[in-house]
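# Sequence plus predicted model, see below.
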Amino acid sequence: MAPLLLLLLLLLGQPLLGAPGQGSGTWARFARLPYPQDQLFLHDTFPDGFLWGVGSAAYQTEGGWRQEGKGASVWDTFAHRPATPPGSGFTGPTGGDVASDSYNNLFRDTEGLRRLGVSHYRFSLAWARLLPNGTAPLNPAGLAHYDRLLGRLRALGVEPVVTLYHWDLPQHLQDTFGGWASPVLPELFRDYAELCFRHFGGQVRYWLTMDNPYVVAWHGYGTGRLPPGVRGGPRLGYRAAHHLLQAHAKVWHLYNDHFRPTQRGKVSIALSSHWIKPQSMTDKNIKECQKSLDFVLGWFAKPIFIDGDYPESMRSNLSSLLPEFSEDEKKYIKGTADFFALSFGATLSFQLLDSHMKFQQLESISLRQLLYWISCEYNNPPVFIVENSWFVSGSTKRDDAKYIYYLKKFIMETLKAIRYDGVNVFGYTVWSLLDGFEWHRGYSIRRGLFYVDFQSHDKKLMPKSSVLFYQKLIEKNGFPPLPENLPIEGVFPCGFAWGIVDNYIQVDTTPAQFLDPNVYVWDVHQTKKLIKVDGVFTSKRKRHCVDFAAIRLQVSLLQEMHVTHFHFSLKWSLILPLGNLSLINHTLVHYYRCFASELLRVNITPVVALWQPMAENQELPVSLAKYGAWENPETIQAFVEYAKFCFTSFGDYVKFWITMNEPSVKNLTYTAGHNLLKAHAKAWHLYHKEFRRSQKGKISIALQADWVEPACPFSRNDQEVADRILEFDIGWLAEPIFGDGDYPHVMRAWLHRRNSVDLYNFHLPSFSEDEKKLIQGSFDFFALSHYTTTLVGWEKEDALKYDHYLEVQMINDITWLHSPNRAAVVPWGLRKLLKWVKSKYGDIPIYVMANGIDDDQNMVHDKLRVYYIQNYINEALKAYALDNVNLQGYFVYSFNDRTAPKYGLYGYVANQYQPKPSMEHYREIIDKNGFPGPDTPEVLCPEEIALCTECHFFRTRKSLLAFISFIFVAFIVTIFFITYYSKRVERRYK
């Protein structure tokens, strides 16, 4: 699959080398990439020599704001204001006064680098620590600090990537000159840079002049949201940016002319950007997206990487607001970067990007598309990602699952940009090494790989789960393919049940026209309609199953699919409307009986559930739903009577029973679940004792069983949470039946703990010894429905997805493929689930009774479902062939869109059923009985003989048949003797 996809992507085109505006083709290119293949996770490695690193900024982590001669910066002044601006996010009055105290913990920080195994470390020099007033005199203590840091990095073999200016302008320069609003600043910045090049240049190969000038100019001097807090409006913001570009160019030329020959380093500027996508794929919206990137990234990138001037869209829209460069200045600025240093993530995206710069389009976090756009727009430059990550809540400590999955997404997108799109990315930097002061968000969020307790005195670094994730990723240089991720070849055993599910079949009891005894004439002259002739009737004939047109149609569709089994549920509320045998819907009973018999006639095994909960009254008869439903113990006996009626009415046709299909534990009280289990067990024993011998069927319960995975695979706490959720979601109903007859120990222990600590009173009922014996073992197989996989953790991160009752945080892996309804497509979750069932309950027969995904009904080809079916069945094959799971059947959900919109293998449009590509794909898998390969041994399965449904009358009355046969034989013998002797008598008389 990957080579074909790579070839297709190459055919779609590498990044173009050309003029500004060529990046506008990015949106159309990515819109036509193959779905869902292009969205799948890429298992591959990065090029040899790829740079892996982490970063930090001086003001965010150093602290020591007045220590050893350091001068004040604009951030010091801004954070010390008596009243911080509304929405600034500061949680304390100190800002970065102490922060992570990196100034006093140099060895601590570099030990973190050693543990990670990074190739480079990006950090910034505090201008006010080296030059307290922004200009001479020099502070020796500051110089010594950075010398020690560089010496330690050299000892560890870690490459320094040094930022000269990361937002912390010396306050003296702001007070004296007005900061970056002054044309004096570029020359002062050049002087500061020369100092740094002379003192540190021999140890530094990668220099960044400044970080994210957009934020400095726009929010420092335009909106005033950030230091120095000047609310000068757009005009001052654009003037500050003008000076920042001039300052950068001066420093680049300084290095190029005087230091590059001896130091052999490279210089660039860290530019930050968002990504934007059109509300709809129209030329107008795409132009607006292009304009949005021009106004944020192109504002600085185009002058440096293209022609020394601002983007045309800015010049035409801003007129006199935008300063102009002279022709000499354009030549001076053009080409002043040795690589493209990109910053992408939480600092700008969805945070500091002004809404009007989105131009009514939609912000996104697609790093891959941004990288491709940069390559197209700026002549495919070498790209160094110098800042990237997301954030977690300030209360999150060690298990930062959300952070990990964002990292995973961004790194995987970088890999795709390299392998699929031909973008020249040579390094990646996680932000940041450790928790620190997060600018306008203060300490309300965390972005570090190492946890820092800001309230502690020693500020000890504690590795988070993300440290282990990033460490292993660096060791492997990416995401190399793993054997368990590869599909296998092979087939399922003979007699494997290939099925389809329709929760409730289409019931249409309208009689066929042939059953109408009336006589009609056609009025050809006036009304042109049939007119019934009063008083004239034809003889009635007996009703037959073939008279139900709806049955014929559904059965023919099932035949077309080549399934061997069809799973559907009966409607208890319609069969016995009053909940007892006092009122029986005989028409519906006849319909169900006909449906089952027609299935058998074409050799499809009906798999019938007695009850499946639905929204309205849980699909219980109104009289039962009205008086407590499953909370009422009387419902147990009502269900047993209903089950007996069904076994009697349909048992000749149905040999595969489900007592209860997917009882939802999310909507079930403990009392209701208790009664439901007893009802199931009694129905099972009823069948076992009274019907099994004659009907020779099998019966069990079908449980919904989605897999639950610890969000942080390295976290013991997350593993405990995952185990707990599995017991509450599956073990609650499974353990009494398939285990020891009682509820899971984990469940009882957890509820006991909650009841003793909180005000809750969650009472889990107890079974008597007789009830345990009744329930334990009340199964013939393990039936489960599986749709998706969920990640869970113990750290509270998102209140909307946190379950206080079970103390579990639901996490989303954003690298997973998702359906339109946001269901995660995680095929390996099915294999893990099947192995878990086997490990807990032994080598019992298992049926996957439902497995499916929703799709976009507007898509002609349901490509997502094709992928889903292919890969989930292959994981089921792995469970059978590699894990020795006793898997005996697999059922796709669902039959058609009419009864289950968006889930069907058949669409339903204009009263017509239409097979989707996923139906044809499933049929192909059924016909091959799996995924046979060239080396798969051929298995000859015996032909299954279709059952004679018309013969069921005779099969169930064998004694009567024997008696009739005896009488018939005796009659024939008697006639023979009478005839024989009659002839002898006649001959005698002759």
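In hand now; what should we look at? Numbers count the residues shown, from 1 in each chain.
# any low-confidence regions in the chain?
1-19, 83-94, 511-517, 537-543, 758-761, 858-860, 943-963, 980-981, 983-990 (pLDDT under 70).
# which SS state does V608 fall under?
Secondary structure, DSSP: H, G, I helix; E, B strand; the rest coil: V608 is strand.
# secondary structure class for the closest residue to W794 other than its chain neighbours?
The spatial neighbour of W794 that comes closest, neighbours along the chain excluded (Cβ to Cβ, 6 or more residues apart in numbering), is N717 at 4.4 Å. The way it works is simple: take the backbone N, C-alpha and C, and place the C-beta from them, glycine included. Assigned with three-state DSSP, N717 falls in the helix class.
# do you know how far N717 is from A401?
11 Å (Cβ to Cβ, to the nearest Å).
# For those two, work out which one has more neighbours and name it.
More neighbours surround A401 than the other of N717 and A401, with 29 against 15 (other Cβ atoms under 10 Å).
# ok, the more buried one - contacts?
465, 711-712, 718, 791, 793, 795, 797, 809, 811 (Cβ atoms under 8 Å, 6 or more residues apart in numbering).
# re earlier: any residues in contact with both of N717 and A401?
Counting by Cβ under 8 Å, 6+ apart, the common neighbours of N717 and A401 are G793.
# residues near I269, how many?
The local packing of I269 (other Cβ under 10 Å) involves 29 other residues.
# part of a strand, is it?
Yes - counting by three-state DSSP, I269 is found in a strand.
# The closest residue to A58 other than its chain neighbours: neighbour count?
Nearest in space to A58, with sequence neighbours left out and distances taken as Cβ to Cβ, 6+ apart, is A126 at 3.9 Å. Neighbours of A126 under the rule other Cβ under 10 Å: 28.
# Can you report phi and psi for A126?
Here is the backbone geometry of A126 (degrees, to the nearest 10): phi -80, psi 110.
# Could I get the contacting residues of it?
When contacts are counted by Cβ under 8 Å, 6+ apart, A126 touches 58-59, 62, 70, 73, 142, 168.
# now M314
M314 makes contact with 294-295, 298-299, 322, according to Cβ under 8 Å, 6+ apart.
# I'd like the distance between K472 and N424.
26 Å.
# Between those two, point out the one with more neighbours.
Neighbour count, other Cβ under 10 Å: between K472 and N424, N424 has more, with 17 against 11.
# Could you check how far the closest residue to F340 other than its chain neighbours is from D523?
Spatial nearest neighbour of F340, chain neighbours left out: P381 (4.3 Å); criterion: Cβ to Cβ, 6+ apart. For P381, the distance to D523 equals 83 Å [Cβ to Cβ].
# Looking at the two, which is more packed in?
Applying other Cβ under 10 Å to P381 and D523 shows that P381 carries more neighbours, namely 21 against 11.
# ok now do the more buried one, which residues does it touch?
Contacts of P381 by Cβ under 8 Å, 6+ apart are 305, 337, 339-340, 374-375, 424.
# which residues sit in contact with the residue nearest to W794?
399, 793-794.
# Can you give me the neighbour number for V425?
For V425, the neighbour count with other Cβ under 10 Å is 24.
# What separation do you get for it and G69?
40 Å.
# Could you check how many residues crowd around the closest residue to I474 other than its chain neighbours?
Of all residues not flanking I474 in the chain, W52 sits nearest, at 4.6 Å (Cβ to Cβ, 6+ apart). W52: 22 surrounding residues under other Cβ under 10 Å.
# how about the helices in the stretch 51-200 of the chain?
Per DSSP state H, counting those that start in this stretch, the stretch 51-200 of the chain carries helices over the ranges 58-61, 74-79, 106-116, 127-130, 140-156, 171-177, 185-200.
# Name the residues of the longest one that are buried.
In other words, helix 140-156. Neighbour counts over helix 140-156 (16 or more other Cβ atoms under 10 Å) mark 142-143, 145-146, 149-150, 152-153 as buried.
# likewise the last one?
Taking 16+ other Cβ under 10 Å as the neighbour-count basis, helix 185-200 is seen to contain the buried residues 185-186, 188-190, 192-197, 199-200.
# Tell me the gap between that helix and the middle of its chain.
48 Å (Cα atoms, centre = their mean, to the nearest Å).
# Same check on the third one?
Per Cα atoms, centre = their mean, the displacement of helix 106-116 from the mean C-alpha position of its chain is 34 Å.
# Likewise for the fifth one?
Taking Cα atoms, centre = their mean, one finds helix 140-156 lying 44 Å from the centre of the chain it belongs to.
# Check what contacts that helix and list those residues.
Applying Cβ under 8 Å, 6+ apart, the contact partners of helix 140-156 are 68-70, 103, 106-107, 110, 113-114, 121, 123, 125-126, 129-130, 159-160, 199-200, 203-204.
# As a markdown table, the contacts of A126 with distance to L751 would be great.
Output for the contacts of A126, formatted as a markdown table (distance: Cβ to Cβ, whole Å):
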| residue | distance to L751 |
| --- | --- |
| A58 | 51 |
| Y59 | 49 |
| E62 | 49 |
| K70 | 56 |
| S73 | 54 |
| G142 | 59 |
| D168 | 53 |
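# List only buried entries from those.
Counted by 16+ other Cβ under 10 Å, those give 58-59, 62, 70, 73, 142, 168 as buried.
# and which of the residues you listed is nearest D706?
The shortest approach to D706 among the buried ones among the contacts of A126 belongs to Y59, at 45.5 Å (Cβ to Cβ).
# so what's that closest one up against?
By Cβ under 8 Å, 6+ apart, the contact list for Y59 reads 73, 75, 96, 99, 126, 166-168, 437.
# Now do the spatially most central residue of the chain against W816, distance only.
The centre of the chain sits closest to A824, judged by Cα atoms, centre = their mean, with a distance of 3.6 Å. Plainly put, A824 is 5 Å away from W816 if you go by Cβ to Cβ.
# likewise R115?
29 Å.
# In terms of neighbours, single out the busier of the two.
Taking neighbours as other Cβ under 10 Å, R115 and W816 compare with W816 leading, 18 against 15.
# my guess is the more buried one contacts W828, does it?
No - contact criterion Cβ atoms under 8 Å: W816 and W828 do not qualify, at 10.8 Å.
# Looks to me like I276 is in a helix.
No - I276 is assigned strand when assessed by three-state DSSP, not a helix.
# just use 52 as the starting number from now, easier for me
That works, and once the first residue is 52, the last one we named lands at I327.
# Tell me who's in contact with it.
I327 touches 340, 343-344, 409-410, 412-415, counting by Cβ under 8 Å, 6+ apart.
# ok, so what distance separates it from A468?
Counting by Cβ to Cβ - I327 and A468 are separated by 17 Å.
# Over to Y918?
On the measure of Cβ to Cβ, Y918 and A468 end up 23 Å apart.
# out of everything not next to it in sequence, what's closest to P983?
Spatial nearest neighbour of P983, excluding adjacent residues (Cβ to Cβ, 6+ apart): V542 at 5.3 Å.
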